Structures are given as structure tokens and as C-alpha cells.
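>>> Sequence plus predicted model, see below.
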Amino acid sequence: MADCCDHRQIAPDVKLGKGVRVFGFTNLYGCEIGDDTKIGTFVEIQKGARVGQRCKISSHSFICEGVTLEDEVFVGHGVMFTNDLYPRSTTSNGKLQTEADWNCVPTLVKRGASIGSGATLLCGITIGEGAIIGAGSVVTKDVPAGAVVAGNPARVKRWISEDAVMANGAGVASARA
């Protein structure tokens, strides 16, 4: 289950699949991790998050409540997910917010997608199957299957294959834009 047993916080409510490797200085609670997934150092995965099978979560990444990673997803170093469209520390009357004061907005990363180091993904989006998010990108809207996106905000730069272009209803000219 673990390669490094020092300095890991794995709550009893975490569901770990077979062959999961969890490295040091991690914080996992209330989440579900699929078989043969590797979780790097300094990763936090919050309650309600789901990570599929054969995923790789690189160091210093944050996977918050509401995030679902399907099977075979790659998450680079320092990737940040969000789950609140309008975050605030207090309510309108100045009291600290509680879980009752906000709505968790889910994010879905489909099978085989790859997210480059330092990317930030805003909540409420879907990353399509096999898509690639460039390092440092800020993803603010859905990414089609097979697309390669980069930038701030992230935009389609190219497609993995001609099949992906056709499946997403884009002509070759728009795929090269």
C-alpha cells in the first residue's frame, strides 16, 4: 500500500484500492483511490474526491472535494483544482462560513487525460478523454476529448489525432488556429 510510511496522514475513511503507492507528507481523507495509483509527496486529496485506477498524482498537487479523476489520469507537479465559483471566508453578516454556506461545484477529468505541472483548473468543467493540459495553464472551461490546450485562459492549440478533430466537430483549419 505505501512506499513511505513516515509523515503520511491517511484517515480511516479513505478507500484505497490494491497496489496503491502513497509517498510521504501526504494528507488523504474521505476520498477514494483506485487500484495501482501512485500518489506523490506533499499531495492533499480531500473528502468526496475520487481517483481512478492507474493514475499518477505528482508531488505538491491539491485535489479538492468534488473532483473526479477517471482511470489513467496523469496529474503533474503542483496542479491545483478549485471547487467554489465565489469563495469567501465570511458570510454577508461577517461570520466565518461553514460548509452550509457554499456549494461544492464538481469537476470531471476523463480517462487518460494529462494535466501539466502548475496548471490550475477552475471548478464546474469537464476535461475530455485523452486531453492534454499544458504546464502552467489556467483552465476555465470544458476541454474536448483529444485536445491539447495551453495558456491563460487555456485554448485549443492542436489535436492529438485527426479522429479527435472530427469527433469534436472542428474542421482541420480551426484545429490549427
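Happy to help now that I have it.

>>> C-alpha only now, for contacts and for neighbours.
Will do.

>>> so where's this protein uncertain?
Within the chain, the stretches with pLDDT under 70 are 1-6, 164-177.

>>> rerun that using 90 as the cut-off
Across the chain, the ranges flagged by pLDDT under 90 are 1-9, 99-102, 161-177.

>>> Give me the outermost residue of it relative to its centroid.
residue 93 (33.2 Å; C-alpha atoms, centre = their mean).

>>> That one: what secondary structure?
coil (DSSP: H, G, I helix; E, B strand; the rest coil).

>>> heads up, I number from 65, so please use that
Yes, from this point I'll number from 65; that puts the last item at residue 157.

>>> Phi, psi for it please.
Note on residue 157: backbone dihedrals following degrees, to the nearest 10 are phi -100, psi 10.

>>> quick one: it from residue 165, how far?
12 Å (C-alpha to C-alpha, to the nearest Å).

>>> do residue 133 as well
When distance is defined by C-alpha to C-alpha, residue 133 is 26 Å away from residue 165.

>>> Surely residue 164 is within a helix?
Yes - with three-state DSSP as the criterion, residue 164 is part of a helix.

>>> Count residues in the vicinity of it, would you?
Residue crowding around residue 164 was assessed by other C-alpha atoms under 10 Å; the count is 6.

>>> Check residue 163 too.
Per other C-alpha under 10 Å, the neighbour tally for residue 163 reads 7.

>>> And it, how far from residue 198?
According to C-alpha to C-alpha, residue 163 and residue 198 sit 33 Å apart.

>>> go on, residue 97?
With C-alpha to C-alpha as the criterion, residue 97 and residue 198 are 25 Å apart.

>>> go on, residue 165?
Counting by C-alpha to C-alpha, the gap from residue 165 to residue 198 is 34 Å.

>>> same deal with residue 155?
To residue 198, residue 155 is 36 Å away according to C-alpha to C-alpha.

>>> which SS class is residue 148?
In terms of secondary structure, residue 148 is coil; the call rests on three-state DSSP.

>>> count of residues packed around it?
17.

>>> show me what contacts it?
Contact analysis of residue 148 by C-alpha atoms under 8 Å, 6 or more residues apart in numbering lists 166-169, 187.

>>> Perfect, I'm done here.
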